[in-house]
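Peer 1: sequence unknown, structure follows:
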């Protein structure tokens, strides 16, 4: 019963050691790849392979295998103690401490108890033999890796030569294509320059035509506006004239009626004076309407003259140089768009109704009296 419990404990120690070796090796592959070529990684790999050949239940009853494991564990302990904490990170630090304690306090006492005290000379020879075997394995692995690297270098060299050859061919083909593209581009650029010049000339011609068309259209539009204004002024002048003539007709009608009444018996001076005053009052709107009609008539003539000028100026300017055209256009614009004040003609300052006639006579009498007094 005691032997069974002891075997179970030894089995658990060896199984735990194998498991921690596997974890350490996995951690190195994942996070400590800089240690893959180091001695500690080789020892871990060797023990991992040894664990596949000697499971814990077989290793317990094999003293020779335990001696081999003792040598490998001693070498691993030496390498683990040689590692500095600065080279480790993450789980590898904790796993190293676990492996060191397992080898020192569990595995080596187990091997010593199972195998017994091994003579120092024999232990040294076994350790040296094992180290030689490991070195031989490492040397073979190194040679294999170097041979593989040499083959890889040769493969890369051949691949590089092929790539360079293909690249040279591609470069030559590319140079040929670039030369062709440059020639085609030069030809296209020449065509583009020619098309650009033709398009520019065409645009300039179209611009001149558009400017001429806009000039004609604007001239016609302005001329049409002046014509419409002239027509409006003419209509207003005619309406005012008709109203003035109507007022004058009323004056004549009242005067004729008064004359007719004066030929009858029973002449009434009061009625005659009333009719006379009514005639005087009617002459006031008649005179105002006549003057307003005359003012609108002058405005009608002014608009009509501007419309005629705008219609005739375009063909006249077409035969002149461009500078002369601009100068004349500026003068015409000044005449057209500068506001002008319409004043009455000096010849039309005479009084046109009875009130004004009486006032003018009074002024003349006062002026004559003043001269006589002097």
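Peer 2: Ah, there it is. Treat the numbers as computed from the prediction; the structure is a model and nothing was measured.

Peer 1: pLDDT averaged over the longest helix that the chain contains - what is it?
Peer 2: Criterion DSSP state H: the longest helix present in the chain is helix 120-262. Averaged over helix 120-262, pLDDT sits at 77.

Peer 1: so what secondary structure elements neighbour that helix?
Peer 2: helix 39-53, helix 63-82, helix 269-318 (3 or more Cβ pairs under 8 Å, 6 or more residues apart in numbering; DSSP states H and E). Heads up, the C-betas are built off the backbone N, CA and C, glycines and all.

Peer 1: and the first one, what does it pack against?
Peer 2: It stands for helix 39-53. helix 2-31, helix 63-82, helix 120-262.

Peer 1: among those, which comes closest to residue 42?
Peer 2: helix 120-262 (5.7 Å; Cβ to Cβ).

Peer 1: for residue 57, grab phi and psi.
Peer 2: phi -70, psi -30 (degrees, to the nearest 10).

Peer 1: surely it touches residue 11?
Peer 2: Yes. Under the contact definition of Cβ atoms under 8 Å, residue 57 touches residue 11, with a separation of 6.2 Å.

Peer 1: between the two, which has more neighbouring residues?
Peer 2: Set residue 57 next to residue 11 and count neighbours by other Cβ atoms under 10 Å: residue 11 wins out with 15 against 12.

Peer 1: I'd guessed that one sits against residue 61; true?
Peer 2: No. Residue 11 is beyond contact range of residue 61, at 10.8 Å (criterion: Cβ under 8 Å).

Peer 1: can I assume residue 13 is in contact with residue 108?
Peer 2: No. Applying Cβ under 8 Å, one finds residue 13 not in contact with residue 108, separated by 10.4 Å.

Peer 1: looking at those two, which is more packed in?
Peer 2: Per other Cβ under 10 Å, whichever of residue 13 and residue 108 has more neighbours is residue 13, with 19 against 16.

Peer 1: ok, the more buried one to residue 249 distance?
Peer 2: Remark: distance between residue 13 and residue 249 (Cβ to Cβ, to the nearest Å) = 149 Å.

Peer 1: then residue 225?
Peer 2: With Cβ to Cβ as the criterion, residue 225 and residue 249 are 36 Å apart.

Peer 1: over to residue 56?
Peer 2: Counting by Cβ to Cβ, the gap from residue 56 to residue 249 is 148 Å.

Peer 1: out of those two, which sits in the more crowded spot?
Peer 2: More crowded of residue 56 and residue 249, by other Cβ under 10 Å: residue 56, with 17 against 12.

Peer 1: now the closest residue to that one other than its chain neighbours: how far from residue 168?
Peer 2: Closest residue in space to residue 56, ignoring its immediate chain neighbours: residue 14 at 4.0 Å, by Cβ to Cβ, 6 or more residues apart in numbering. Counting by Cβ to Cβ, the gap from residue 14 to residue 168 is 63 Å.
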